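Enquirer: coords please:
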Amino acid sequence: MSERYDFPSIEPKWQQIWREQELFQSTDSADQEKFYYLDMYPYPSGELHMGHVRNYVIGDVIARYMHMRGYNVMHPMGWDAFGLPAENAAIERGIHPAEWTEDCIRRMKEQFDALGVSYDWSREVDASAPDYYKWTQWLFLQLYHNGLAYRGEAPVNWCPSCQTVLANEELEGDLCERCSAPVERRQVAGQWYFAITKYAQKLLDDIELLENWPERVRVMQENWIGRSEGVQFKLPLDGRDDEIEVFTTRIDTIYGITFMALAPEHPLVNELVAGTAYEEPVQAFVREALAEGEIARSSEEVEKRGIFSGAYCTHPLTGEKIPIWVTNYVLLEYGTGAIMAVPAHDQRDLEFARKYDIPVRVVIQPPGEQLDATTMTGAWEEPGVQVNCDQFSGMDSDQAQEAIADYLEEQGVGQRAINWRLRDWLLSRQRYWGCPIPIIYCEACGEVPVPEDDLPVLLPTDAEFKPTGESPLADVPAFVNTTCPQCGGAAKRETDTMTTFVDSSWYFLRYTSPDADDVPFRREAVDYWLPVDKYVGGIEHAVRHLLYARFITKVLHDLGHIGFSEPFSELFTQGMIYKDGAKMSKSKGNVVTPNEINARHGADTGRLFILFVGPPDQDAEWSDQGVEGAHRFLNRAWRLVTEHIDKFDADWAESIGTDFGEDQRAMRRKVHQTIQSVTTDIEEMGLNTTISALMELSNELLPFARQIEPADRASCTVLSEGLQNLLLLLSPLAPHIADELWQRLGLPATTYQQPWPQADEQVAAAEQITIAVQVNGKLRGTIEVPAGTDMERIQELALQADSVQRHIEGKQIKRIIPVPNKLINIVVA
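Expert: Presented below is the predicted three-dimensional model:
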């Protein structure tokens, strides 16, 4: 009987050894090729569950594998510690966010260590620590001094539950991504923005450089940036010294305008109706429309509703008076928030026009057809021939696009323009737990940036941080009241804090120089480690964190602080873990924690299961039976090694030239084929099939080991080769048991410190291959031939096979189609 697999003592033992030996600490070594592996750092707002663990274990496998491949691996971890999750959790528990955050970080670090994740804790960063947010404030000042940070007023997304504004990227539909409360639109002054739109074209163009990013993420970024080419022009308001500005991608339909449609939040709406009989009903409609939410309003299925404003504008080409309506289906976020409505050639406009009895005018006829404006139920939105368009009538619409744009520019009425869906990045938050914005307001000097020598602007610890809609820092006189750094007079500090997305837009740079106190990062370290070689995180960050990080990287590059313009060479987005049909989360009450799995089965079992559950880029369902299966495999591997230690020869490589028998050659072939497949699978992120291959290998090694005696040196050599390589291949996946068994075999150091095994292609090659034989595409038999047999000989053998003869006898063979090393298809008349 072998000793049982005692994971409760084995796993802490090896975690202590790794820690004492500082195995996972990396250094800046120009003599060694680097590999920077990075997991998206987490919010420390609670404890890890197995849904989180998947991401970090995937990363640990790759980091360990690349180290064994000989790379200088940096695998750091830190904490996205500022922000609403930590603050809301602290409010709920009646403690300070700093205390809650510190406790969460401690518990999560314990969980990471108990999982055996190979983090280099010497590089740990905490976004809520003054030595980190000092440099977040420095980053703000770099943008401010270069015209990329500004204070403005605009309609914003307001979460009444979190009592703060949100960027568009922080919404899930029309809901706050943090608390799921419906979000309102409000006009708020004094908000700070980063001018990300100045980098819109660069961000779009450089998507081509992201060759190793998932196509889905590339498309999401492209759509979010949203470049549209068209024409911008103005329509004078009737009876007013003002104009409506419009952007359109379909200038060929300008002659078909029959009404103007304004977004309910368009600033002109109140001006147009003020003091008129339309004021009260229009404002009531605006309130109703805004309550619908932008996602609902932009849906194709939404009921198109609106109200006449009582105002008119003038068509720039025909001089016709155009009625101005306020509608629910026009959004301020797109274009100018005002559209030229052309019912004959836009389905939404047509539905609206029919509902409110607004005229329809056809200006493009489809080839060979005649649209009837009075009866048409579907808008014609395709190319065609211009009609009712003055001198442009008779042109193809594609030609008219250019001709009308030229004419508008010649007449000084409009100009070609590019419109972006992307909006400037709103970073102000009316909450406590965030990085203070380093700006001072002086009555004499105006808006004054805090000098870099005065950073950090410290977050006070005595603020009343419960959300009220106003920044809690405004009620801390010792924080607010200061002196102007320019004139020395009395002044006040900015009291909003920054969104935590600013913290995470640059943290990957800080890992290279976490202890630097004179610079945010040392240039030589950044030049060595960056860009990140492999970045792993959830798809939900595709147009938030990832877009912001790309923007900040480009800004720092253009300012000369770094030498690269894209931060992440490769991106991998892992799937989510579901349990009982729902995404694993505390709010769903379906959480399984690593602590539970570690206690019952061990960390290596949890690691193996979460990798084996399915392809890592796809969602997967939790399975208690799957956990049991992973544990059985580790027990089988344990028995395989411990029951046959007496047959292991640490010097097996010196005897590998022995003349082996058929069974021994087959066993060696399986070992080297497994090395090939596991290596390929890890490289291609097929981690679930990696485990399948190791299970197959152990299933073949176990009976082989049981049938041999210690005196059978040739077989023991083969077994020793198999056991040693099994442990090396298992090491990145289940490192505790791999190191324990490695030690019990009398091998030196740890598996982590060994080179990755190399397959011998000649040994791995099959001695015999099976060829399928088809007749007219139907399988009629198989033949076994030695590997390397030429196709002419394979054809002869196939034609001689009894099972094939019955189907070709007496028939004319028209041709033979070979697929090398796989099949022969004999085509007969």
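Enquirer: give me the low-pLDDT residue ranges for the stretch 101-250 of the chain?
Expert: Applying pLDDT under 70 to the stretch 101-250 of the chain flags the ranges 154, 167-170, 173-174, 178.
Enquirer: Do a quick rundown of the helices in it.
Expert: Secondary structure of the stretch 101-250 of the chain (DSSP state H, counting those that start in this stretch): helices located at 130-145, 200-205, 215-225.
Enquirer: Please identify the deepest-packed of those helices.
Expert: Burial of the helices of the stretch 101-250 of the chain is given as mean neighbour count (mean count of other C-beta atoms under 10 Å); helix 130-145 ranks first at a mean of 21. In this view, the C-beta of every residue, glycine as well, is placed from N, C-alpha and C.
Enquirer: Run through who's touching that one.
Expert: 82, 125-127, 149, 194-195, 435-439, 449-450, 452, 455-459, 498, 502-503, 505-507, 510, 517, 520, 552, 555-556, 559, 561 (C-beta atoms under 8 Å, 6 or more residues apart in numbering).
Enquirer: Kindly report the same for stretch 23-39.
Expert: So stretch 23-39 is in contact with 18, 55-56, 59, 62-63, 66, 70-77, 118-123, 508, 511-512, 524-525, 528-537, 568, 750, 752-753, going by C-beta under 8 Å, 6+ apart.
Enquirer: Likewise for stretch 524-541?
Expert: 28, 30, 34-40, 55, 58-59, 62, 74, 214, 216-217, 508-509, 511-513, 545, 562-564, 566-574, 576.
Enquirer: how about a cut-off of 6 Å?
Expert: 28, 34-40, 59, 74, 508-509, 512-513, 562-564, 567-573 (C-beta atoms under 6 Å, 6 or more residues apart in numbering).
Enquirer: Which of those residues fall within strands?
Expert: Those of those mapping onto strands are 34-39, 74, 571-573, per DSSP state E.
Enquirer: possible to save the residues you listed as TSV with pLDDT?
Expert: Shown next, in TSV, are these (pLDDT from 0 to 100):
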residue	pLDDT
Lys34	97
Phe35	98
Tyr36	98
Tyr37	98
Leu38	98
Asp39	96
Met74	98
Leu571	97
Phe572	96
Thr573	94
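Enquirer: closest to Asn821 among the residues you listed?
Expert: Set against Asn821, the nearest of those by C-beta to C-beta is Phe572 (32.7 Å).
Enquirer: Okay, that closest one and Leu209: tell me how far apart.
Expert: 17 Å (C-beta to C-beta, to the nearest Å).
Enquirer: same thing with Thr495?
Expert: 40 Å.
Enquirer: So which of the two has more stuff around it?
Expert: Using other C-beta atoms under 10 Å as the criterion, Thr495 and Leu209 rank with Thr495 on top: 23 against 11.
Enquirer: ok, the more buried one - contacts?
Expert: 471, 473-474.
Enquirer: Surely Val457 is in contact with Pro438?
Expert: Yes: between Val457 and Pro438 there is a contact at 5.1 Å, judged by C-beta atoms under 6 Å.
Enquirer: Identify the contacts common to the two.
Expert: Shared contacts of Val457 and Pro438, defined by C-beta under 6 Å, 6+ apart, comprise Val450.
Enquirer: more neighbours, the two?
Expert: Counted by other C-beta under 10 Å, Val457 and Pro438 do not tie: Pro438 has more neighbours, with 25 against 21.
Enquirer: So what does that one look like in phi/psi?
Expert: phi -80, psi 60 (degrees, to the nearest 10).
Enquirer: ok, so what distance separates the nearest residue to it once chain neighbours are set aside from Arg493?
Expert: Setting aside the residues directly before and after it, Pro438 is nearest to Val450 in space (C-beta to C-beta, 6 or more residues apart in numbering), at 3.8 Å. Separation of Val450 from Arg493 (C-beta to C-beta): 8 Å.
Enquirer: Look at those two and report which has more neighbours.
Expert: Neighbours were counted for Val450 and for Arg493 using other C-beta under 10 Å; Val450 has more, 23 against 19.
Enquirer: what about the stretch 601-750 of the chain, any weak spots by pLDDT?
Expert: Looking along the stretch 601-750 of the chain with the criterion set at pLDDT under 70, you get 658.
Enquirer: can you give me the strands for it?
Expert: Taking DSSP state E, counting those that start in this stretch as the criterion, the stretch 601-750 of the chain contains strands spanning 620-621.
Enquirer: ok, how many other residues are close to Thr605?
Expert: Thr605 has 25 neighbours, counted by other C-beta under 10 Å.
Enquirer: Go ahead and confirm it touches His631.
Expert: Yes: assessed by C-beta under 6 Å, Thr605 is found in contact with His631 at 4.4 Å.
Enquirer: ranking the contacts of Thr495 by neighbours, who comes first?
Expert: Ser471 (26 neighbours).
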